[in-house]
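Engineer: Only the shape, not the letters, is given here:
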């Protein structure tokens, strides 16, 4: 019998307990052993839960119990998740998490302690919810020269953008709809400002580059500036707007970012709609591969957590361990990032735009002018916009 | 240094040799050891190849060389791939293959010998080319109650269908175009009759059910009967036609099949176009996840083969080994399969159709009548068609 402890009995923790219980046959066969949820750590009590008798309030009970093999941290947030994770690993226990914040901030440290202690630290559920994505990246594609990993990493913003594209709704209206359906939180900032996607691209980037770039060094834009007019302009030229996390590995170094991008209707990522997530890996000779599915929700996330548990029970540290070192080595300045740009400006005409931006594709003229530029450096775009001195209504890069 | 032998120096064998050589840095880091391609078995000589000195013509040189750790079988066909695989496994060597025919026919036997000898038999490249799909299914989703695995498993037929949908071309015309582009072979039967997809769904089905259903027991239809008119009718009601392999695990047992299906434009599989492949897994609580990418080609296939090699070098048999037993236990009769049906008939009117099929949605009337039925048993559809006695122009199931 493998004894585990769950830290945090919220939506995900409840999902994990339920999955282990309801699919006991599957997990026992796959893991090669039965699983006993010995403790559930939470501040609250759950007198009506079938797990009421497992609930404890003191983490040290778990850390000091030699019977506990694996600790499942699904509490979210940096603290005390960080402290509990360090303690658990130091006590020789494997740790599994769904907590992208703690992985993005401290994953390098956890991996090093796990290595030292000969235990596993796994975090499949931290990116893409239930979609198997970290495991295939670690195990199945590393023999390629990876040139990019990118994805729709946040279901809330993808729902909002899908709504804007399908119904011509504005941002505020679509956000309210997402909140009413429970897809967005009352305080939606972590989603709509790109913070959540930023943590996820930091983790994905680390798996393909070995470098965990601190989130404060990742250029991050959300979707709050996207207007009805941008959606219309985008649709007119056969493009969709998606909030993407991108980690691009080029000759000159690594670009890592979160920002809305316009991408052709024909690309696989553009077809990902609603709350779904997808991660695309581009490499030689594999080409493009994409992993798609539910990026959130109790059940999907629990599937990824328990999947990690199965792999630990079967293979322990015999499976590939990703390398993660916090580093900015070889990470490029975002000002050097080159892309075509969609720009909407007020108070200028096509002639002035062409004078400054050269050969552009004008999408619409009138109260404002919207156009698409040739590929140009981020720094140069800013200079040109400064030189033009017009009112910037919107700017979105093309992929 | 890990010594390997490649059996067959065709497109895939060449791709494997190239990948190992060109991405030596990546494979050495991932595999934890250098790789030496010691032998390449082929009937031909390759005097101008950089691998000319590794070419041998006698398999026994490979089987009897104790330095050979892993044999990579990329020759295709059942024989002598079967004999070589058995010999290699019995000689204590791991075997990796991209050969779906030999896996679908003898995978159960190979897995049993590998188990007995304590070596690995891996076949990621046999389904979905470069897409990591078997490994995630084996490693990441088994804790779910899987209700279906289905996919677009053949790029040639998907290219033809995409062409028919995009340009209104007929089947013959689209097939010729695929042949000119090198997507279809001069003898395209294995693709267009569904044989290739049948082997792949047999393999996928085995991974989720543990049962390798003999291909002759899998109901298999190709795409040769799909007409321009069917494509038009399908588009009119917002459906696309895709050749799917499906393995459905229900209360009453397992249904496994290859056939064209009509599916809504909004479903992830319907967005997979051209030569791309995709595999979708449906389960509780994971929901729907999909794996997408290039289903063929030297580079993509080589990536999957070398990915298997990396996993063997790192983890050997410590990673999950799928169970495969040849069996029809619990496999349902296809006559009991229930689905909505698109049917096109000549020589009858709406009234007669309604008399026999009950409540149907008529798509078009005229020279022929096209309609969609309620969900009904395959056996019942056949009986009703017999009773009606009209000329059957086309019949395609809905998903």
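Structural biologist: Happy to help now that I have it. These figures come from a predicted structure and were not determined experimentally. Residues are numbered from 1 along each chain as shown, chains lettered A, B, ... in the order given.
Engineer: Do you know the pLDDT at the spatially most central residue of chain A?
Structural biologist: Using C-alpha atoms, centre = their mean, the residue of chain A that lies closest to the mean C-alpha position is residue A:200, 2.9 Å off. Looking at residue A:200, its pLDDT stands at 98.
Engineer: ok, now which ones touch the residue nearest to it when sequence neighbours are not counted?
Structural biologist: Sequence neighbours aside, residue A:153 is the residue nearest to residue A:200 in space, at 4.1 Å (criterion: C-beta to C-beta, 6 or more residues apart in numbering or on different chains). Where C-beta positions appear, they are placed from N, C-alpha and C, glycine not excepted. By C-beta atoms under 8 Å, 6 or more residues apart in numbering or on different chains, the residues touching residue A:153 are A:127-128, A:196-197, A:200-201, A:204, A:243-245, A:258, A:277, A:279, A:295.
Engineer: and the stretch 1-150 of chain A, which residues reach chain B?
Structural biologist: With C-beta under 8 Å from any C-beta of the partner chain as the criterion, the stretch 1-150 of chain A comes near chain B at residues A:15, A:18-19, A:23, A:26-27, A:29-30, A:124, A:130-132, A:135-136, A:139-145.
Engineer: residue ranges for the helices of chain A, please.
Structural biologist: A:11-22, A:24-31, A:59-63, A:81-90, A:100-117, A:134-140, A:155-167, A:171-180, A:189-192, A:195-209, A:228-236, A:298-315, A:350-357, A:378-388 (DSSP state H).
Engineer: So which bits of the fourth one are buried?
Structural biologist: Neighbour-count burial for helix A:81-90 flags A:81, A:82, A:84, A:85, A:86, A:87, A:88, A:89 (criterion: 16 or more other C-beta atoms under 10 Å in any protein chain shown).
Engineer: and what of the first one?
Structural biologist: Counting neighbours by 16+ other C-beta under 10 Å, one finds that the buried residues in helix A:11-22 are A:11, A:12, A:13, A:14, A:15, A:16, A:17, A:18, A:19, A:20.
Engineer: Was I right to think residue A:370 contacts residue A:344?
Structural biologist: Yes. Using C-beta atoms under 8 Å, residue A:370 makes contact with residue A:344 at a distance of 4.4 Å.
Engineer: quick one, which of these two is more surrounded?
Structural biologist: Each of residue A:370 and residue A:344 has its neighbours counted (other C-beta atoms under 10 Å in any protein chain shown); residue A:370 has more, 25 against 21.
Engineer: Next to chain B, which bits of the stretch 201-350 of chain A? Give me the list.
Structural biologist: Neighbours of chain B within the stretch 201-350 of chain A, by C-beta under 8 Å from any C-beta: A:266, A:268, A:271, A:273, A:276, A:283-294, A:297-300, A:302-304, A:306-307, A:309-311, A:314-316, A:318-320.
Engineer: Give the buried subset of those as a ChimeraX selection command.
Structural biologist: Only the buried entries of those go into this ChimeraX selection, using 16+ other C-beta under 10 Å:
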select /A:268,271,273,276,283,285,286,287,288,289,290,291,292,293,294,297,298,299,300,302,303,304,306,307,309,310,311,314,315,319,320
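Engineer: for the stretch 51-200 of chain A, which spans come out with low pLDDT?
Structural biologist: Counting by pLDDT under 70, the stretch 51-200 of chain A shows no low-confidence range.
Engineer: Could you measure from the nearest residue to residue A:315 once chain neighbours are set aside over to residue A:344?
Structural biologist: Leaving aside its chain neighbours, residue A:315 sits nearest to residue B:318 (4.7 Å; criterion: C-beta to C-beta, 6+ apart). Distance of residue B:318 to residue A:344, computed by C-beta to C-beta, to the nearest Å: 56 Å.
Engineer: before we move on, what about residue A:330?
Structural biologist: 34 Å.
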